[in-house]
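J.: my questions concern the predicted model and sequence given below.
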Amino acid sequence: MSRRERARHAPFEHLGPLDVHIPISTGTARLTLENDGSVLLDVNGVPSSHLHPDPEHLVFEYMRWMLIAIDQHLGIDADATPRDTGSGAQLAHLGGGGCSLPRAIAARRPRSRQIVVELDELLADSVRGWFDLPRSPQLRLRIEDALSALVSWRDDRFDVLVRDVFSGSLTPPELITRSAAEHAARVLKPGGLYLANCAAPPGTGLMADEVATLSAVFAHVGVIAEPAHLSGKRRGNCVLLASDRPLPEGIDRDLRSDAVSVRLARSTQVQALARAGRVLGG
């Protein structure tokens, strides 16, 4: 292993105190060190991020699925080399936490430029040091409410927009409306990809509502989910995808290599969800 690889996979050297409540702007955070050197970050008692010494090793399943979609959208397979195409893609993330996914993308695509919107200023300041995050312009942290940032961005700015914002265990309602989807479509470049983390409690119909809402704005909508989540029988994170162009064909193929039995839903399943859901106003 090269010196660069050893450094890249080194344990975190500047962590805050472990297994105690650390004050942040919106409450408290807690860091738990795992046996493999990875760190679980809880925010107000809810698991927020899980960071491994290897930036490209994503512990949370839905983040791995997002990375697969991003790789396919930006034009390389997950196992392709070299990692970076030199294209300098522009990505935005609504919701930061420990910045697990932005950190992975920065390692995978060094010429990419990312902006992460995080409401909690103390948390953002802390995680940059705790997890040795890349600096601006490669990875810029913006302290602001997610919807305010989304509304303020100019048209046709980003290749990829990721929504991963939670208040407790649910996405804030103002971010799942048709208006929010229209702003997402507006700030994406033509053919850009919108990815949203949806954690739908069973029986709520939230996944169907989100699919219906996105389908009212975007020409092409997809869902990555485990079968039990797709059917609404069990709570779990699923990834919603939306674009004004067809979704990359290789996503489902690459999902088959994931440790979790997960698939890109068939178009008939997505259409059925859209019919069952309601377009969320606002």
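T.: That came through, no problem.

J.: longest single strand anywhere in the protein?
T.: Longest strand in the chain by number of residues (criterion: DSSP state E): strand 188-199.

J.: show me what it is packed against.
T.: In terms of contacts (3 or more C-beta pairs under 8 Å, 6 or more residues apart in numbering; DSSP states H and E), strand 188-199 is packed against helix 61-74, strand 158-163, helix 178-187, helix 206-215, strand 237-243. Just so you know, the C-beta spots here come from the backbone N, C-alpha and C atoms, and that holds for glycine as well.

J.: how about that strand: buried residues?
T.: For strand 188-199, the buried set under the neighbour-count rule, 16 or more other C-beta atoms under 10 Å, comprises 188-189, 192-199.

J.: just give me the least confident of those residues.
T.: Lowest-confidence member of those: residue 199, scoring 84 (pLDDT).

J.: surely that residue touches residue 236?
T.: Yes: here residue 199 reaches residue 236: they are 7.2 Å apart, a contact under C-beta atoms under 8 Å.

J.: quick check: the farthest pair among the buried residues of strand 188-199?
T.: Using C-beta to C-beta, the two most remote members of the buried residues of strand 188-199 are 189 and 199, lying 27.8 Å apart.

J.: and which of the buried residues of strand 188-199 is nearest residue 208?
T.: Using C-beta to C-beta, the buried residues of strand 188-199 come closest to residue 208 at residue 198, 10.3 Å.

J.: which strand residues bridge the closest one?
T.: residue 238 (DSSP bridges).

J.: distance check, residue 224 against residue 32.
T.: 27 Å (C-beta to C-beta, to the nearest Å).

J.: neighbour count: the two, which is higher?
T.: Between residue 224 and residue 32, counted using other C-beta atoms under 10 Å, residue 224 has the larger neighbour count: 28 against 13.

J.: how many neighbours does residue 152 have?
T.: 11.

J.: can you pull the pLDDT of residue 46?
T.: With respect to pLDDT, residue 46 scores 89.

J.: check residue 170 too.
T.: We have a pLDDT of 82 for residue 170.

J.: quick check: beta-bridge partners of residue 243?
T.: Beta-bridge partners recorded for residue 243 (DSSP bridges): residue 220.
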